[in-house]
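Chemist: after the sequence you'll find the predicted model.
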Amino acid sequence: MIAPRIMVVEDEEPLGVLLRYNLESEGYQVEVVTRGDEAEIRLQENVPDLLVLDWMVPAVSGIELCRRLRMRPETERLPIIMLTARGEESDRVRGLSTGADDYLVKPFSTPEFMARVKALLRRAKPEVLSSVLKVGDIVLDRESHRVYRKKSEIRLGPTEFRLLEFMMRHPGRVFSRSQLLDNVWGETIYIDERTVDVHVGRLRKAVNNGRMPDVIRTIRGAGYAIRED
């Protein structure tokens with residue numbers, strides 16, 4: 001099962017370390033960024049499943065970054081938890097009005113933070129936590145590690161399973177080779193981008209089985225996507 005990806009934008013190093021430790025202990029993939037401008041660049045490259053965003057980060061403030069993210073189609077529905085020392089009602093209203101889904105005032109307890117992360121993921125992106133994914137006539141069971149199409153089981157290798165799982169979490173969305181490498185293989189592993197083509201070809205052959213309609217779209221110059229219908 002591919003772990004949900006969470007980006008933490010926080011310039012207080014001790015708090016960033018604490019949040020990373022607790023999130024990773026619960027099985028999440030975590031990236032910590034300390035500047036708003038750096039976070040904006042990273043979010044253009046790769047959109048996580050949830051963003052934890054401090055209001056007062058340098059370069060580009062959290063509140064401004066939140067506003068910009070809500071204007072982009074790729075991130076307009078990205079779940080965002082805003083962290084801030086500003087506890088006034090007017091500040092909370094401003095944060096939520098700008099586009100934050102939840103708002104935590106520092107200092108906050110770690111159990112409350114973890115509960116809010118899970119609750120927001122469950123509400124905004126249930127497919128991230130669900131054990132069964134379904135897109136069109138394809139069903140993927142994360143717990144039993146099995147895939148079915150029209151009730152017939154499909155045999156997949158480990159890499160093809162992770163590739164299909166990731167794409168089924170984002171039906172219709174086009175991913176470049178580099179984005180698939182980062183999310184399926186991991187950012188710390190160097191693999192030639194053409195390797196993605198090989199595994200997509202294997203996945204397509206297995207899922208379509210020579211007779212079924214092709215569920216994987218190839219977008220020339222852009223990447224791959226799984227069809228929603």
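Modeler: It's in.

Chemist: and residue 81, which of the three is it?
Modeler: strand (DSSP: H, G, I helix; E, B strand; the rest coil).

Chemist: run through who's touching stretch 146-154.
Modeler: Residues from elsewhere that reach stretch 146-154 (Cβ atoms under 8 Å, 6 or more residues apart in numbering): 137, 138, 139, 140, 141, 156, 161, 164, 206, 207, 209, 212. The C-beta positions use only the backbone N, C-alpha and C, and glycine is treated the same way.

Chemist: quick one: residue 5 and residue 150, what's the gap?
Modeler: From residue 5 across to residue 150, the span is 31 Å (Cβ to Cβ, to the nearest Å).

Chemist: higher neighbour count, these two?
Modeler: residue 5 (18 against 10; other Cβ atoms under 10 Å).

Chemist: and the strands in this structure?
Modeler: 5-9, 29-33, 50-54, 80-84, 102-105, 132-135, 138-141, 146-149, 152-154, 216-219, 223-226 (DSSP state E).

Chemist: buried residues of the helix or strand of the chain with the lowest mean pLDDT, list them for me.
Modeler: Least confident element among the helices and strands of the chain, by mean pLDDT, DSSP states H and E: helix 126-129 (a mean of 74). Buried residues in helix 126-129, counted by 16 or more other Cβ atoms under 10 Å: 127, 128.

Chemist: now swap in stretch 29-43 and tell me
Modeler: Neighbour-count burial for stretch 29-43 [16+ other Cβ under 10 Å]: 29, 30, 32, 33, 34, 36, 39, 40, 43.

Chemist: residues contacting the fourth one?
Modeler: I take that to be residue 33. 7, 8, 9, 39, 42.

Chemist: what bridges to it?
Modeler: When assigned by DSSP bridges, residue 33 has beta-bridge partners residue 9.
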